[in-house]
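Chemist: generate a structure from the sequence data that follows.
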Amino acid sequence: MALYRLSLAPKARTSIFVEVCCDQPKETRPLAFFHAMFAAKRDLKHATLPGGVGSNLERHIQRGAVSVGRRSLHAHDGHTGGPYPYAGIPWYSTTFGRDGLITALETLWIDPSIARGVLRRLAAYQAISTDPFADSQPGKILHEMRGGRSAALHEVPFGLYYGSVDSTPLFVLLAGLYAERTGDDVLLAELWPAIEAALKWIDGPADMDQDGFAEYYCVTEKGLANQGWKDSLDAVFHADGRLAEGPIALAEVQGYIYAAKLLAAKAARRLGWERKALDLENQAQQLAARFESAFWCPELETYALALDGAKRPCRVRTSNAGQLLFTGIVKPEHAARIAQGLLGPEFFSGWGIRTVSSVEQRYNPMSYHNGSIWPHDNALIALGFARYGHKRAIDKVFRGLFEAATYMDLRRLPELFCGFQRRQGRGPTLYPVACSPQAWASGAPLLMLQASLGLEFDPVQDEIRFRDPHLPSFLESVLFHNLRLGESRLDIMAHRQSGNVSIEIVRAEGSSRVNGHSRNATSDL
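Modeler: This next block holds a predicted model:
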């Protein structure tokens, strides 16, 4: 506590500046207040991420970009390898595996250095031993790491905690996507032992009963009972509202593994291991067949949320099925039904897609995971819509979240907000303790923009592609500054013209080409 006694004359004023430093060298001092304030404004003005032209999207995107950048910290433990996006303020200002991986995926197209830092740091902390207290097994990727007295004294397991079932396949998935985006085979070779260890865990300890699905089961009472991204105690349940008992196989995790194995196959082929690539591709196809048989619920026209310990499907309509779309494990005819359901009134509130349908027993628009709206969840679903050609579905989701952000402080999307139905003249209802900024929420509009425009990077062909580009209805044009591919740097304008999208190269340095592939778009190249 600090106590100040001040005597001020009428209309006089004074300022008090306090510097707080934690575990920093004495010679390191924070910026003075006004210098720090001007630096923050400069960062926002000169954010090196895409800026919208003639649209409110510019502030929305730039605020998200700067939020991700400021949360991307260099750790002081010898395992940096590049920036790592700490999850969120105030509850999650530390290294989280899942959060960092998804944030890196969202920003990969515009800043691969974030993915590089995430992959190297998580590889450095990959588990090498079995420790039930930390939910650790060889090959698992970190869920969370914390300092402090409770962690140091092992009163809680979160010093180095591995209790997530999805961080490990997401690590493999991101490594494959990073290699495809950058052509960086040097880092791929560096990471390959970690990738192989992760795949070995997926096929071994993660599949407890060897039925071909990855499951989780909390082995310590102080750990997390649910270990997917929806990790609330009541997040996995049956249609009658009963909580599922483990071991639990989550739907989206099987999709992550499917995509991870296909991407690992491509990575193996890049490194010259053809037989390993063929084996991984075969494993992925076998998983897809098993998954279809065990998880598809024709009466719901969607996939089950999970299989419980008795292999009974949790026949519940959730956004988890929407995340399956971006992995590619979904049959095209099922994808159309899932997309239609997610955009219906039971899921879509007007502001975004809820985590759970409003017709389900445990639906609660004010819950953490059973009816709220998470921007990163919506962004991954939008990426899935793009994969299956549902570009106009992205428009509806993107517009809802963009308009929700106009009601938020600093136009910044928080970790989540409540799932109440949109009403005229009213903004969305905030979730009282949501983190803001939250890294993967800040990255969500970046991923939705990429999904809308079908933006792809091919370092082998030295080509940037816009596949079936579409601009959301609230945006007439967008200018991408300093898009990078290899040694090339480009400024590219996407502009709506009579319902189509034209692509114009404004500035180009280097040899990279730009190509547009569209049924409904023109191209000014």
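Chemist: on the three-state scheme, the nearest residue to Arg290 once chain neighbours are set aside is what?
Modeler: Nearest residue to Arg290 in three dimensions, chain neighbours excluded: Gly212, at 4.9 Å (Cβ to Cβ, 6 or more residues apart in numbering). Just so you know, the C-beta spots here come from the backbone N, C-alpha and C atoms, and that holds for glycine as well. At Gly212, secondary structure determined by DSSP: H, G, I helix; E, B strand; the rest coil is coil.
Chemist: what residues are up against Gly212?
Modeler: When the contact criterion is Cβ atoms under 8 Å, 6 or more residues apart in numbering, the partners of Gly212 are 286-287, 290.
Chemist: and for Ala225?
Modeler: Ala225 touches 218, 231, 233, counting by Cβ under 8 Å, 6+ apart.
Chemist: state the pLDDT value of it.
Modeler: At Ala225, the predicted lDDT confidence score is 93.
Chemist: make 352 the first number, not 1, from now on.
Modeler: New numbering, starting at 352: the last item is Ala576.
Chemist: three-state assignment of it?
Modeler: coil.
Chemist: tell me how far it lies from Gly514.
Modeler: As judged by Cβ to Cβ, to the nearest Å, Ala576 and Gly514 stand 9 Å apart.
Chemist: overlap in contacts, the two.
Modeler: Shared contacts of Ala576 and Gly514, counting by Cβ under 8 Å, 6+ apart, come down to Cys569.
Chemist: ok, Ala616 to Pro810 distance?
Modeler: Distance from Ala616 to Pro810, by Cβ to Cβ: 18 Å.
Chemist: starting at the chain centroid, how far to stretch 663-671?
Modeler: 21 Å (Cα atoms, centre = their mean, to the nearest Å).
Chemist: if we can go back for a sec, just put the contacts of Ala576 in CSV and tack on secondary structure and neighbour count.
Modeler: Formatted as CSV, these follow (DSSP: H, G, I helix; E, B strand; the rest coil; neighbours: other Cβ atoms under 10 Å):
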residue, secondary structure, neighbour count
Cys569, coil, 17
Asp582, coil, 19
Leu584, coil, 11
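Chemist: Ser518 touches Gly490, doesn't it?
Modeler: No. Contact criterion Cβ atoms under 8 Å: Ser518 and Gly490 do not qualify, at 11.2 Å.
Chemist: all helices for the stretch 552-701 of the chain, in order.
Modeler: Taking DSSP state H, counting those that start in this stretch as the test, the helices found in the stretch 552-701 of the chain are 602-621, 625-646, 671-678, 683-693.
Chemist: which secondary structure elements does the longest one sit against?
Modeler: Meaning helix 625-646. helix 602-621 (3 or more Cβ pairs under 8 Å, 6 or more residues apart in numbering; DSSP states H and E).
Chemist: convert the C-alpha atoms of the helix it packs on to PDB, please.
Modeler: Taking C-alpha atoms only, helix 602-621 is exported to PDB below (Å, rounded to 0.1, in the frame of the first residue of the first chain):
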ATOM      1  CA  ALA A 602     -15.200 -35.400 -31.600                       C
ATOM      2  CA  GLU A 603     -13.000 -32.500 -32.600                       C
ATOM      3  CA  VAL A 604      -9.900 -34.100 -31.300                       C
ATOM      4  CA  GLN A 605     -10.300 -37.000 -33.700                       C
ATOM      5  CA  GLY A 606     -10.600 -34.400 -36.500                       C
ATOM      6  CA  TYR A 607      -7.400 -32.700 -35.300                       C
ATOM      7  CA  ILE A 608      -5.600 -36.100 -35.400                       C
ATOM      8  CA  TYR A 609      -6.900 -36.800 -38.900                       C
ATOM      9  CA  ALA A 610      -5.600 -33.400 -40.200                       C
ATOM     10  CA  ALA A 611      -2.300 -33.800 -38.200                       C
ATOM     11  CA  LYS A 612      -1.500 -37.100 -39.700                       C
ATOM     12  CA  LEU A 613      -2.200 -35.900 -43.200                       C
ATOM     13  CA  LEU A 614       0.000 -32.900 -42.600                       C
ATOM     14  CA  ALA A 615       2.700 -35.000 -41.000                       C
ATOM     15  CA  ALA A 616       2.600 -37.200 -44.100                       C
ATOM     16  CA  LYS A 617       3.300 -34.200 -46.300                       C
ATOM     17  CA  ALA A 618       6.100 -33.200 -43.900                       C
ATOM     18  CA  ALA A 619       7.600 -36.700 -44.000                       C
ATOM     19  CA  ARG A 620       7.500 -36.600 -47.800                       C
ATOM     20  CA  ARG A 621       9.300 -33.200 -47.800                       C
END
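Chemist: can you give me the offset of stretch 719-729 from its chain's centre?
Modeler: On Cα atoms, centre = their mean, the centre of stretch 719-729 falls 12 Å from that of its chain.
Chemist: do the same with stretch 847-859
Modeler: Remark: stretch 847-859 is offset 28 Å from the chain centroid, using Cα atoms, centre = their mean.
Chemist: got it, and stretch 568-577?
Modeler: On Cα atoms, centre = their mean, the centre of stretch 568-577 falls 24 Å from that of its chain.
Chemist: centroid residue for the protein?
Modeler: Centroid-nearest residue in the chain, with Cα atoms, centre = their mean: Ile453, separated by 2.8 Å.
Chemist: name the nearest residue to that residue, ignoring sequence neighbours.
Modeler: Per Cβ to Cβ, 6+ apart, closest to Ile453 is Trp791, 4.8 Å.
Chemist: need the contact list for the one you found.
Modeler: So Trp791 contacts 438, 450, 453-454, 457, 726-727 (Cβ under 8 Å, 6+ apart).
Chemist: in CSV: those, plus secondary structure and distance to Ala387.
Modeler: Shown next, in CSV, are those (DSSP: H, G, I helix; E, B strand; the rest coil; distance: Cβ to Cβ, whole Å):
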residue, secondary structure, distance to Ala387
Ala438, coil, 23
Asp450, helix, 26
Ile453, helix, 29
Thr454, helix, 24
Glu457, helix, 27
Pro726, helix, 28
His727, helix, 29
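Chemist: what's around the closest residue to Leu511 other than its chain neighbours, how many residues?
Modeler: Distances taken as Cβ to Cβ, 6+ apart place Met496 nearest to Leu511, at 5.2 Å, with adjacent residues excluded. Met496 is flanked by 19 other residues according to other Cβ atoms under 10 Å.
Chemist: what sits against Met496?
Modeler: Per Cβ under 8 Å, 6+ apart, neighbours of Met496: 445-446, 476, 509-512.
Chemist: for the closest residue to Ala383 other than its chain neighbours, phi and psi?
Modeler: Distances taken as Cβ to Cβ, 6+ apart place Phe368 nearest to Ala383, at 7.4 Å, with adjacent residues excluded. Per-residue torsions, Phe368: phi -110, psi 130 (degrees, to the nearest 10).
Chemist: and this structure, what are its domains?
Modeler: 399-804, 815-868 (automatic domain parsing).
Chemist: deepest in the core, which of the ones you listed is it.
Modeler: Ranked by mean neighbour count, these are led by domain 399-804 with a mean of 20 (mean count of other Cβ atoms under 10 Å).
Chemist: and Ala756, how far from Gln812?
Modeler: Ala756 is 36 Å from Gln812, by Cβ to Cβ.
Chemist: low-confidence regions, the stretch 752-876 of the chain specifically.
Modeler: 868-876 (pLDDT under 70).
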